[in-house]
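Enquirer: build the 3D model from these lines:
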Amino acid sequence: MPARRLSALLALVVVAACGDAGHTREGTVTAVPASSLHVDDLVLVTVDTLRWDAVDFLGPHDDVTPTLDRLAAEGIVFPFAHAHNVVTLPSHTNILTGRLPYQHGVRDNSGFRLPASVPTLAETLRDAGFATAAVVAAYPLDARFGLDRGFDLYDDYLAGDTGGGDRALERSGQEVVTRALAWWRENAGQRRFLWVHLFEPHAPYEPPEPFASRFAGEPYLGEVATADAALAPLLAEVTAPDASTLVAVTADHGEALGD
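Expert: Got it, this is the predicted structure:
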């Protein structure tokens, strides 16, 4: 594959629990200074509560995640990855700081805030000249907990409590992607770092149609399929043939589902 095509389409598809995936290519990660990256843009996608075996290219299914399947087929898959936390805020803190909970101090979704002394990926990239933005889907990643540092835009807007329990604390992946793409297009022509967070696979499992009917009796998979469909326009744009984008897709943790 030509080098420019590889840099445009490289996907680091990481799952939150270990699993055997003999048909995928394993990869290794080498730390490099942000200023030396040979890509114009970086996109990080985190899908909350996504089990490794819920994606088609690692699990037993063939009709749940066509968007992520296409990305995995043209990129590098890491099939043996683990989350150091099984809750949203500390796990994302691990991802965005490169540190473990005992190092950054964030251990749960409430009662903790990232200390100002701990640098973030967004701060590093902004210092290297990137425009930076995050669009997050749920309250555990509200700016008040400290992960907004380094982002020119930290879009954590939620409509407020509508009486729907946990659902009032999140917004749809479709809305997240729409807002993320608006920022992406507005900042064309400069180096960009975009973090997009989707919350659909998180309980309660209430997928919209047509996924509710398609996955009747398996609503968790319906939510995974909803998230996958929401990501389609984003990934199509950021991995266009004329793009030079490094895309990393991961889960913050998995889901037990009674295991």
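
Enquirer: count of neighbours near residue 102?
Expert: Neighbour count of residue 102, defined by other Cβ atoms under 10 Å: 8. For every residue, glycine as well, the C-beta is placed using N, CA and C.

Enquirer: CA atoms of the one helix or strand it maps to as PDB?
Expert: Under the criterion DSSP states H and E, the helix or strand holding residue 102 is helix 101-104. Taking Å, rounded to 0.1, in the frame of the first residue of the first chain, the C-alpha atoms of helix 101-104 are listed here in PDB:
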ATOM      1  CA  PRO A 101      -4.900   5.500  37.800                       C
ATOM      2  CA  TYR A 102      -2.300   5.400  40.500                       C
ATOM      3  CA  GLN A 103      -0.300   8.000  38.500                       C
ATOM      4  CA  HIS A 104      -3.000  10.400  37.500                       C
END
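
Enquirer: pull out the buried positions in it.
Expert: Within helix 101-104, the residues that count as buried by 16 or more other Cβ atoms under 10 Å are 101, 104.

Enquirer: for that helix, packing partners?
Expert: Where contact means 3 or more Cβ pairs under 8 Å, 6 or more residues apart in numbering; DSSP states H and E, helix 101-104 is packed against helix 88-97.

Enquirer: elements contacting the helix it packs on?
Expert: Helix 88-97 is packed against strand 41-47, helix 101-104, helix 121-127, with contacts defined by 3+ Cβ pairs under 8 Å, 6+ apart.

Enquirer: from those, which stretch is densest packed?
Expert: Burial of the helices and strands packed on helix 88-97 is given as mean neighbour count (mean count of other Cβ atoms under 10 Å); strand 41-47 ranks first at a mean of 24.

Enquirer: any idea how far the helix holding residue 102 is from the chain center?
Expert: Once both centres are worked out by Cα atoms, centre = their mean, to the nearest Å, helix 101-104 turns out to sit 21 Å from its chain's centre.

Enquirer: so who does residue 87 touch?
Expert: 108-109, 140, 253 (Cβ atoms under 8 Å, 6 or more residues apart in numbering).

Enquirer: how near is it to residue 181?
Expert: 28 Å (Cβ to Cβ, to the nearest Å).

Enquirer: just residue 53 next, same as before
Expert: Residue 53 is 29 Å from residue 181, by Cβ to Cβ.

Enquirer: what does residue 171 give?
Expert: For residue 171 relative to residue 181 (Cβ to Cβ), the value is 15 Å.
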